[in-house]
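Asker: Sequence first, predicted coordinates after that:
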Amino acid sequence: MIGIYHMSVFIRNARILTLRQEGGAAVPVRARRGGQMKDLGVVPRGDVLIIDDKIAAVGEDLACPAGAEKIDAEGRVLMPGFVDCHTHACWAGDRLDEWMRHLAGELPEAVRKGGGGLPATVRAVRAATRKQLAAGLRLRLDELLRGGTTTVEVKSGYGLTEGEELKMLHAIQRAAAEWAGTVQATALLGGALDGEAAAYTRLVVREMLPAIWHEFPGVTIDARCDETAWPVEACVRLFERARKHGLPVRVQTDRYSSTGMILEAIKLHARSVDDLSEASATDLRALAASETTAVLLPATNFHENRRAPRGQVLLSAGGLVALASNFNPASSPTHSMPFVIALAVRYSGFSLAEAIYASTVNAAAVLGFTDRGTIEVGRRADVLLLRHRDERDLAFQIGANPVEKVICGGQVIH
C-alpha cells in the first residue's frame, strides 16, 4: 500500500501547466474543444500553495506559510493529475495463455472454443469473493496513482448476472474507500451476452437495471454495441429506460465495424461514445458537432495491432475528445496515461496540448467532475510534478514513468 500523509504543501520554482479557462476559478471546469485545446496556460516559473485538499494560490514569488511542506520543483513541470475515464480495472484471473495463443497465430474463434476470451474472465470473477476483487483492484489503483492517475472510472461488466454485477460494484466501492484518489464506478450492463440475445437483453433491461439503480442511485449505465456484443436496438432500450430514471449513459461502439450506434447515442444525449476505431468519417463529424464526448482508446489499437483511432477527424471538426487507457486483462494491459498520450500524439493526430486536455479536463467532464483538471485557486489539489523541465518530453519519452511526485487531494504520495 502507498503511504500518505496530509498537510499544507508549497511548491516553488515550477513550470506550471495551469490549463486555466476563461472565467477562471469563478466558474466550474468545462470541457474544451477546437482552439480552446491549444493553450496550456503555462506559467514559466511559479509557485503553488495547497491548503487542505484545495489549491489556495498560484503565482510568482508567493509567500510560503509556516508549517507547510516545501517542495522545490527546480524548474520541472507541474500539471493537473490524469483522469482515466474508461477502464475495466476490476477483474480476477489473467489472460496470458490466451495472449500467447494469439501470438502463435490461433484465430479468436479457436481460442474461445478452447475456453479463452471474455468467458475466461467471467468465470474468474464469479469464482472470486467481493473481498478478493476489491484487494486486486486496490493494488491496481496504487499503480495508477504512481503513474499520475488521480481520478479513474472503473466498470463492472464481467459478472453478467444481477448478483455478480452487484458484487463487482460493491468491490469497486470498497477499494475506492481506501484510496487517496477518486473512483467512479460504472455499471457495464450491456457488456456481453449470457445466453440467447433477445432473452438476455430483455432480462437486463427489465430486472437487472432496476436492481442496480436501487442499490447504486445515480450510477452511470454503459453498454458495448458491436457485432460480438449488444445490438443497437437493445442498447437503445437499455439507455432509454436508464435515462427515464435520471441515470447518465455511455456506450462503446464501432470497434470492428460501423454499427449506427453513434447517431443513436447523440439522440440519447449520452455522456460519451467510446472506442470508435472503425467509425465512419460522417458519423465522427456528427459526433464532433454534438455535446457528446468521443473517448478514444489508442492503447487498445496498439495492443491489437489495429489502425489507430482517427482523432484528427474529431479534433479538426471541433469535437469534444477525451483519451483513456481501457485498462483491462485482455485488449489493453496498461494503465499508463503517459503512454496513451504518446500514442495519441504519434498516430492519432493530437498535438501535445490537445492530448493533455483530453487526458485531464475533458476526461473529467465525461465523469461529471467540474472541480479538477486545472491548476487554479479553489480546484481540487490533484497535481503532478514531472521529472521533466519540458512538457514535450511527456509524449516524446516512452516507457519510463515521467512522474516524480503525486499530490492527490492535497496529500503527498510516497
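Answerer: It's in. Residues are numbered from 1 along each chain as shown.

Asker: which residue sits closest to L385 in space, ignoring its chain neighbours?
Answerer: K405 (4.2 Å; Cβ to Cβ, 6 or more residues apart in numbering). Heads up, the C-betas are built off the backbone N, CA and C, glycines and all.

Asker: Shouldn't the one you found be within a helix?
Answerer: No: assessed by DSSP: H, G, I helix; E, B strand; the rest coil, K405 does not belong to a helix; its assignment is strand.

Asker: Relative to R243, how far out is it?
Answerer: In this view, K405 and R243 are 42 Å apart by Cβ to Cβ, to the nearest Å.

Asker: Can you pick out the residue with more neighbours from those two?
Answerer: K405 (19 against 15; other Cβ atoms under 10 Å).

Asker: doesn't I71 make contact with the more buried one?
Answerer: Yes: here K405 lies in contact with I71, judged by Cβ atoms under 8 Å, at a distance of 6.8 Å.

Asker: what touches both of the two?
Answerer: 385, 412 (Cβ atoms under 8 Å, 6 or more residues apart in numbering).

Asker: And the pLDDT at G3?
Answerer: You'll see G3 listed with a pLDDT of 54.

Asker: do M7 as well
Answerer: Per the predicted model, pLDDT is 77 at M7.

Asker: Now the nearest residue to it once chain neighbours are set aside: phi and psi?
Answerer: In space, and not counting its chain neighbours, M7 is closest to E69: 5.5 Å by Cβ to Cβ, 6+ apart. E69 has phi and psi values of phi -70, psi 130 when expressed as degrees, to the nearest 10.

Asker: how deep is the closest residue in space to E74 that isn't next to it in sequence tucked in, by neighbour count?
Answerer: Using Cβ to Cβ, 6+ apart and skipping residues adjacent in sequence, the residue nearest E74 is N13, 5.9 Å away. Counted with other Cβ under 10 Å, the neighbours of N13 add up to 14.

Asker: Enumerate every residue touching N13.
Answerer: Here N13 is in contact with 45, 47, 72-75 (Cβ under 8 Å, 6+ apart).

Asker: Mark out where each domain of the protein begins and ends.
Answerer: 4-80+371-413, 83-366 (automatic domain parsing).

Asker: for the ones you listed, which one ends up most surrounded?
Answerer: Each of those was assessed for mean neighbour count using mean count of other Cβ atoms under 10 Å. The highest is domain 83-366, with a mean of 20.

Asker: quick one: terminal-to-terminal distance for that one?
Answerer: 10 Å (Cα to Cα, to the nearest Å).

Asker: swap in stretch 382-392?
Answerer: First residue to last in stretch 382-392 (Cα to Cα) measures 21 Å.

Asker: For it, which outside residues touch it?
Answerer: Here stretch 382-392 has contacts from 11, 14-15, 17, 40, 48, 50, 55, 71, 73, 75-82, 148, 150-151, 181, 352, 356, 372, 375, 393-394, 397, 402-409, using Cβ under 8 Å, 6+ apart.

Asker: isn't L189 right up against L238?
Answerer: Yes: contact criterion Cβ under 8 Å: L189 and L238 qualify, at 6.6 Å.

Asker: joint contacts of these two?
Answerer: 204, 209, 221, 223.

Asker: Can you tell me which of the residues you listed end up in strands?
Answerer: With DSSP state E as the criterion, strands contain 221, 223 from among the shared contacts of L189 and L238.

Asker: Let me know the closest of the shared contacts of L189 and L238 to V251.
Answerer: Nearest to V251 among the shared contacts of L189 and L238 is A223, at 5.4 Å by Cβ to Cβ.

Asker: can the contacts of N13 go into CSV with extra columns for distance to F302?
Answerer: As requested, the contacts of N13 are arranged in CSV below (distance: Cβ to Cβ, whole Å):
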residue, distance to F302
R45, 36
D47, 38
D72, 37
A73, 32
E74, 33
G75, 32
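
Asker: what ranges do the strands span in the stretch 51-200 of the chain?
Answerer: Applying DSSP state E, counting those that start in this stretch to the stretch 51-200 of the chain gives strands spanning 54-59, 69-72, 77-80, 82-84, 149-155, 182-190.

Asker: measure the residue nearest to E74 to H170 for me?
Answerer: N13 is 45 Å from H170, by Cβ to Cβ.

Asker: Likewise for F369?
Answerer: Distance from F369 to H170, by Cβ to Cβ: 22 Å.

Asker: same question, R243
Answerer: 25 Å.

Asker: Alpha carbons of stretch 138-151, as PDB, please.
Answerer: C-alpha atoms of stretch 138-151 as PDB (Å, rounded to 0.1, in the frame of the first residue of the first chain):
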ATOM      1  CA  ARG A 138      -6.800  -1.800  -4.700                       C
ATOM      2  CA  LEU A 139      -3.300  -2.900  -5.800                       C
ATOM      3  CA  ARG A 140      -4.100  -1.600  -9.400                       C
ATOM      4  CA  LEU A 141      -5.300   1.700  -8.100                       C
ATOM      5  CA  ASP A 142      -2.000   2.200  -6.300                       C
ATOM      6  CA  GLU A 143      -0.200   1.500  -9.600                       C
ATOM      7  CA  LEU A 144      -2.400   4.100 -11.300                       C
ATOM      8  CA  LEU A 145      -1.600   6.700  -8.700                       C
ATOM      9  CA  ARG A 146       2.100   6.100  -9.000                       C
ATOM     10  CA  GLY A 147       1.700   6.800 -12.800                       C
ATOM     11  CA  GLY A 148      -0.100  10.100 -12.200                       C
ATOM     12  CA  THR A 149      -3.800   9.000 -12.500                       C
ATOM     13  CA  THR A 150      -5.700  10.700  -9.600                       C
ATOM     14  CA  THR A 151      -9.200  10.100 -10.900                       C
END
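
Asker: Contacts made by it with the rest, please.
Answerer: Contacts for stretch 138-151 (Cβ under 8 Å, 6+ apart): 1-2, 81-84, 89, 152, 175-176, 178-184, 327, 335-338, 363-364, 367, 369, 372, 382, 384, 401-403, 406, 408-409, 413.

Asker: mind listing which of the residues you listed are in helices?
Answerer: 175-176, 337-338, 363-364 (DSSP state H).

Asker: Which single one of those is nearest to G34?
Answerer: Using Cβ to Cβ, the ones in helices among the contacts of stretch 138-151 come closest to G34 at A363, 17.3 Å.
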